[in-house]
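Trainee: all I have is the shape, not the residue letters:
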């Protein structure tokens, strides 16, 4: 054993200590996952070495073929996983094994409930990596040396996972990493070779590097090309995406997804394709079943694993899909890019641009197929990634129609409030004479369902889409039409129902508006600068008044987004519309000019503001006016 020098004891990052405790207890029922995670990390280390060795061949140090070796010692109760990958320096050991440098850690920990099943799903969504060692071990040791460093710069890391870890310098002849797990009581089953072989076949058969275990006695007695080596490969060691699709089972596809995504859950869908012609590349794309914690973090890295002629380049190539599809996981392997490809080359390469166009359409087609073939799975997808997909119309004008076809909305057609209505569904239910797609934007579904703007549409039996996601108003600014039908925000501008209003309806509206001109002027005088306009409403059938957004003004949802991001918000005033046939408005019309008329006008305006979900600028003033009115009514 090497002599240890420069030994020190350090404390785990607070988040690591919390995560270790939660993970150890929450994943108790899924202990075998530790091997998948450690083998996956070893595979990544090998890929990284191969990539760095393109520019620096000396890093390989004559190690031969890449391999991962796993061995057990029943008497000592240990499992050892060793790779000849890139290894780590002392600083990297402290950084990688003592902290969690990734977005979403705080959200993960806040989401923990103490319920084993729910916590397990959260941790699986986060990815457990190296720390999964402590699911089965009460002490873990790591012996590592980064390729390119001297043998005397090896590192020994050890910890019981309680709160501290020790790190020391050692001599290590070969680069790479060896992890020794000292199994805890009750985890002795993992010191059995056959148990580990079964786990490897289930979770890691597709890994490109050979996973070797000590040769079994029965094999050593027979004739074999590898006889005498003492080790035998226990996985296929072929990159799954390079194999023909008809030779790959669904379980293999699922296992490969869990490997590249570090996810416990199965993917919702996948697409495996090989392209030959002007460009030659293979892609294997997955739609996850659950959003990662870093989905909305701007500093998070997203993208596909990129290989060039099966040589790993990067695991976050974001140039092959647009940002609104950043949830997609997978692999792309190109034969047309150079091995020394850089980020700048990827950004400016015509080949990459062409691949991005094709891969984007492939993902959209995959989602369309999922929506058609399995509505339950698609509903799960929409719940997780719908808001991200809504970024698409602004980002990808060329595919705007295909993206919009994937959208799901709540609507007045369905009282459940679930976003299950597609635009194709809506078009199929349009009324005779209807040539627009009507929608309403608001802060919540409840507020939208009871919004006065819907009254005339309910009366005429016209469906309205109800949009309450924070991105909806912004998104609709880029979604001008679908299948030749324009979109109309029913809460904006002067509502024109076109052919849905008969000539008799229009004539009556004009007659009522003319008869109400005097009341319009009186109310406008009472409300003053609070409104941009006062007019008779064609929207209302039951409510006395409603507030509409000016045709070119931003709505409340967009206003909140701008304010939250610290941007200046343009000043705008609502349009006050009233229903002349409502008893309150008729009573107001009989009221003589004066303080009481003004107070009643303000109460109607403030009630309309509340109904629209806008809140009040002067709640105390509203309460005072209302109380005064109630006292008068009470006599």
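Mentor: Done, it's in. Just so it is clear, the model here is predicted, and its values are computed rather than measured. Numbering: from 1, shown residues only.

Trainee: just for this structure, where's the confidence low?
Mentor: Along the chain, the parts satisfying pLDDT under 70 run over 1-2, 14-19, 21-30, 99-128, 217-229, 298-299, 339-342, 635.

Trainee: and residue 42, which helix or strand is it part of?
Mentor: helix 33-55 (DSSP states H and E).

Trainee: can you tell me which helices and strands that helix packs against?
Mentor: When contacts are defined as 3 or more CB pairs under 8 Å, 6 or more residues apart in numbering; DSSP states H and E, helix 33-55 packs onto strand 67-73, strand 78-83, strand 176-183, helix 193-203, helix 250-261, strand 311-317. In short, each C-beta sits where N, CA and C put it, glycine included.

Trainee: quick one: name whatever helix or strand follows the longest one.
Mentor: What that stands for is helix 250-261. Beyond helix 250-261 toward the C-terminal end (DSSP H and E), the next one is strand 269-275.

Trainee: so what does the helix or strand that comes right after that next one touch, helix or strand wise?
Mentor: Heading C-terminal from strand 269-275, the first helix or strand you meet, by DSSP H and E, is strand 281-287. If contacts are counted by 3+ CB pairs under 8 Å, 6+ apart, strand 281-287 sits against helix 250-261, strand 269-275, strand 329-334, helix 350-373.

Trainee: thinking again about what came up before, now the helix holding residue 42: buried residues?
Mentor: Buried residues in helix 33-55, defined by neighbour count with 16 or more other CB atoms under 10 Å: 33-51, 53.

Trainee: kindly report the same for stretch 399-410.
Mentor: Neighbour-count burial for stretch 399-410 [16+ other CB under 10 Å]: 399-400, 402-410.

Trainee: so of the residues you listed, which ones are in helices?
Mentor: 400, 402-405 (DSSP state H).

Trainee: and which of these is nearest residue 608?
Mentor: Nearest to residue 608 among these: residue 404, at 31.9 Å, using CB to CB.

Trainee: which residues are in contact with the closest one?
Mentor: Residue 404 sits next to 393, 423, 479, 482 when contact means CB atoms under 8 Å, 6 or more residues apart in numbering.

Trainee: residue 432 - that's part of a helix, no?
Mentor: No. Secondary structure of residue 432 (DSSP: H, G, I helix; E, B strand; the rest coil): coil, not part of a helix.

Trainee: which residues touch it?
Mentor: By CB under 8 Å, 6+ apart, residue 432 lies in contact with nothing.

Trainee: check residue 615 too.
Mentor: residue 609.

Trainee: would you mark the buried spots in stretch 170-180?
Mentor: Residues of stretch 170-180 classed as buried by neighbour count (16+ other CB under 10 Å): 170, 172, 175-180.

Trainee: again, but for stretch 530-546
Mentor: 530-531, 534-541, 543-546.

Trainee: what's the span of that stretch, first residue to last?
Mentor: Length of stretch 530-546, first residue to last, CA to CA, to the nearest Å: 14 Å.

Trainee: neighbours of residue 592, how many?
Mentor: 6 (other CB atoms under 10 Å).

Trainee: separation between it and residue 600?
Mentor: If you measure residue 592 against residue 600 using CB to CB, to the nearest Å, the figure is 11 Å.

Trainee: cool, residue 274 as well?
Mentor: Distance, residue 274 to residue 600, using CB to CB: 73 Å.

Trainee: and what of residue 542?
Mentor: Taking CB to CB as the criterion, residue 542 is separated from residue 600 by 19 Å.

Trainee: that older thread, of the ones in helices among the buried residues of stretch 399-410, closest to residue 570?
Mentor: Checking these one by one against residue 570 (CB to CB), the nearest turns out to be residue 400, at 26.3 Å.

Trainee: what about the closest one, distance to residue 410?
Mentor: For residue 400, the distance to residue 410 - CB to CB - is 22 Å.

Trainee: what does residue 330 give?
Mentor: In terms of CB to CB, residue 330 sits 31 Å off from residue 410.

Trainee: what about residue 274 and residue 600, which has more around it?
Mentor: residue 600 (19 against 14).

Trainee: ok, and the closest non-adjacent residue to the more buried one?
Mentor: residue 588 (5.4 Å; CB to CB, 6 or more residues apart in numbering).

Trainee: double-check that that neighbour belongs to a strand.
Mentor: No. According to three-state DSSP, residue 588 belongs to no strand; its state is helix.

Trainee: that one: what's it in contact with?
Mentor: 519, 523, 597, 600-601, 604.

Trainee: apply 10 Å and report the result again.
Mentor: 519, 522-523, 526, 544-545, 578, 580, 582, 596-597, 600-601, 603-604 (CB atoms under 10 Å, 6 or more residues apart in numbering).

Trainee: what's the domain layout of this structure?
Mentor: The chain breaks down by automatic domain parsing into domains covering 5-236, 245-373, 407-499, 501-562+573-634.

Trainee: mind checking the end-to-end distance for the shortest one?
Mentor: Right, the one you point to is domain 407-499. In domain 407-499, first residue to last residue: 27 Å (CA to CA).

Trainee: and for the residue nearest to residue 369 when sequence neighbours are not counted, the neighbour number?
Mentor: Spatial nearest neighbour of residue 369, excluding adjacent residues (CB to CB, 6+ apart): residue 269 at 7.4 Å. The criterion is other CB under 10 Å. On that basis, residue 269 has 19 neighbouring residues.

Trainee: hey, what's residue 269 bridged with?
Mentor: Under DSSP bridges, the beta-bridge partners of residue 269 are residue 287.

Trainee: please apply the same query to residue 231.
Mentor: Under the criterion used (DSSP bridges), residue 231 bridges to residue 214.

Trainee: just to check, it is in contact with residue 69?
Mentor: Yes. With contacts counted by CB atoms under 10 Å, residue 231 reaches residue 69, the gap being 6.5 Å.

Trainee: tell me, what's touching these two both at once?
Mentor: With CB under 10 Å, 6+ apart, residue 231 and residue 69 have common neighbours 210, 212-214.

Trainee: how far off centre is whichever strand or helix holds residue 560?
Mentor: Element membership for residue 560 (DSSP H and E) is helix 556-564. Centroid separation for helix 556-564 versus its chain: 22 Å, with CA atoms, centre = their mean, to the nearest Å.

Trainee: other SSEs contacting it?
Mentor: With contacts defined as 3 or more CB pairs under 10 Å, 6 or more residues apart in numbering; DSSP states H and E, helix 556-564 has these neighbours: strand 436-441, helix 472-476.

Trainee: please name the residues that touch residue 394.
Mentor: 324, 400, 471, 474-475, 477-479.

Trainee: next one: residue 193
Mentor: 70-72, 74, 213-214, 216, 234.
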